[in-house]
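*Asks:* Have a look at this prediction, sequence included:
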Amino acid sequence: MEAVIAILGLLFVLFVVAGVLLTVKAVKAAKRGVDRTVAQARRTVEDTTLRARQFAQPGVPAELAQLRLSLRTSMRATQEALRAGAAEDPSLQEALALFERLSAHGHELDDQLKRLEREPDKVSVAARLPELRERTERITESAESLRWAARDRARKFADDDLTTLREQIDVEAGALRHWVDDPLAGSGKGAPGSAAPSAGAGAAPGSATGASGTSPGAGAMRDWAADEPPAITAKDPRSRIAYPWEEKARRTEGTA
C-alpha cells in the first residue's frame with residue numbers, strides 16, 4: 001500500500017512539474033511575440049518620423065534623417081535576405097556571421113547619428129556630415145554586396161535546377177516517342193497500321209492456273225469444305241454427360 005501511495009505521489013509531482021514547464025514555455029513564447037510586435041511597431045514609428053523629418057526640416061536634420069533611413073533600410077533588407085536564404089542554403093551561415101559583425105558597426109553609426117540629431121551645435125554637425133556620409137555608404141555597400149550575392153546564388157541554383165529538369169523532360173519526351181526511331185517502321189514489319197500483302201501479290205510470274213483463272217487446288221478445297229461439318233454444331237443429347245444428381249429418363253413403352 002505504501003508503494004502505491006509513493007508511486008501516486010511521484011506521478012502527481014511529475015504532472016505538476018510538466019505543467020509548470022509548459023506554462024513557462026508558453027509565457028516565454030508569448031513574451032517573445034509581444035517583444036517582436038513592440039520592436040516592429042517602434043521601428044515603424046521611428047522610420048515614419050525620420051521620413052517626416054527629412055522633408056519637414058531641411059538642412060542638417062534632413063541630412064541626418066536621410067542617412068539613418070538609408071542605413072536602416074539597407075541593413076534590414078540584407079538581414080531578411082540572408083536569414084531566409086540560410087534556412088535553405090547552409091553555406092550562407094558564414095555570410096550571416098559576417099553580416100552580424102557588419103551589423104555591429106551599423107548599430108554604432110545609427111546611435112551616433114541619433115545623438116547628433118539632438119546636438120544644438122548644427123555647425124559642428126554639418127562639418128562632420130561628409131565623414132558620416134562616407135561611413136554610411138561603406139556599410140550600406142557592404143550590406144548590399146552580401147544581399148545581392150545571396151540573391152545571385154539562389155537564382156543560380158534555381159537556373160541549374162530548371163536546366164536539369166528540362167533535360168530530364170526532353171529525355172522522357174524522347175522515350176515516349178520511341179516509335180519514330182523504330183527500325184522496323186520503314187520495312188513494314190511490325191509497324192502499326194501496316195497492311196498485310198494480298199493473296200496474289202506474292203505469286204511468281206508464270207504460275208500455273210486453271211482456265212477460269214483459279215489454281216488447280218481450288219476445287220479440292222471446295223470439296224473439303226462441303227464434306228466438313230459446320231464449325232458450330234448442336235450437341236448430341238446421347239453423348240451428354242450424366243450427372244449423379246439427375247434423375248434417369250423413363251424408358252418409353254415398346255422400347256426393347
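*Replies:* In hand now; what should we look at? Numbers count the residues shown, from 1 in each chain.

*Asks:* What helix or strand is P58 located in?
*Replies:* Taking DSSP states H and E as the criterion, no element holds P58; it sits outside all helices and strands.

*Asks:* State the phi and psi torsions of it.
*Replies:* Dihedral pair for P58: phi -70, psi 160, per degrees, to the nearest 10.

*Asks:* next one: E119
*Replies:* According to degrees, to the nearest 10, the main-chain angles of E119 amount to phi -70, psi 120.

*Asks:* nearest residue to it other than its sequence neighbours?
*Replies:* The spatial neighbour of E119 that comes closest, neighbours along the chain excluded (CB to CB, 6 or more residues apart in numbering), is V125 at 5.3 Å. In short, each C-beta sits where N, CA and C put it, glycine included.

*Asks:* Help me confirm that the one you found comes into contact with V60.
*Replies:* Yes - in terms of CB atoms under 8 Å, V125 counts as a neighbour of V60; the distance is 5.2 Å.

*Asks:* if I look at A77, how far off is E108?
*Replies:* Relative to E108, A77 is positioned 19 Å away (CB to CB, to the nearest Å).

*Asks:* in the chain, which spans are helices?
*Replies:* Along the chain, counting by DSSP state H, helices occupy 2-56, 60-86, 93-117, 122-176, 218-227.

*Asks:* Show the contacting residues for L146.
*Replies:* For L146, the contacting residues are 78, 82, 95, 98-99, 102, taking CB atoms under 8 Å, 6 or more residues apart in numbering as the criterion.

*Asks:* which of those are buried?
*Replies:* If you count burial by 16 or more other CB atoms under 10 Å, the buried members of the contacts of L146 come out as 78, 82, 95, 99, 102.

*Asks:* from those residues, which is closest to F55?
*Replies:* F55 lies nearest to T78 out of the buried ones among the contacts of L146, by CB to CB, at 25.9 Å.

*Asks:* these two touch, right, that closest one and F99?
*Replies:* Yes - with contact taken as CB under 8 Å, T78 and F99 are classed as touching, separated by 6.1 Å.

*Asks:* For the stretch 1-150 of the chain, which residues score under the pLDDT cut-off?
*Replies:* Low-confidence regions of the stretch 1-150 of the chain, defined here as pLDDT under 70, cover residues 31-32, 34-36, 38-40.

*Asks:* okay, the helices of the chain, which one's buried deepest?
*Replies:* When the helices of the chain are scored by mean count of other CB atoms under 10 Å, the highest mean neighbour count falls to helix 60-86 (a mean of 19).

*Asks:* quick one: it to helix 93-117, angle?
*Replies:* Direction vectors for helix 60-86 and helix 93-117, defined by axes from the mean of the first three to the mean of the last three CA atoms, to 10 degrees, enclose an angle of 160 degrees.

*Asks:* ok so, going back, now the buried ones among the contacts of L146 in CSV, with distance to D160?
*Replies:* Output for the buried ones among the contacts of L146, formatted as CSV (distance: CB to CB, whole Å):
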residue, distance to D160
T78, 24
L82, 21
A95, 19
F99, 25
L102, 29
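
*Asks:* For L8, state which of those is nearest.
*Replies:* Proximity of those to L8 was ranked by CB to CB; the top entry is L82 with 53.0 Å.

*Asks:* measure that closest one to R166 for me?
*Replies:* 30 Å.

*Asks:* again, but for L109
*Replies:* Remark: distance between L109 and R166 (CB to CB) = 47 Å.

*Asks:* Hmm, Q54 is touching A62, no?
*Replies:* Yes - using CB under 8 Å as the test, Q54 is close enough to A62 to be in contact (5.0 Å).

*Asks:* Quick check: R138 vs A62, distance?
*Replies:* Distance of R138 to A62, given as CB to CB: 22 Å.

*Asks:* same question, R115
*Replies:* As judged by CB to CB, R115 and A62 stand 17 Å apart.

*Asks:* again with I5
*Replies:* Here I5 is placed at a distance of 77 Å from A62 (CB to CB).
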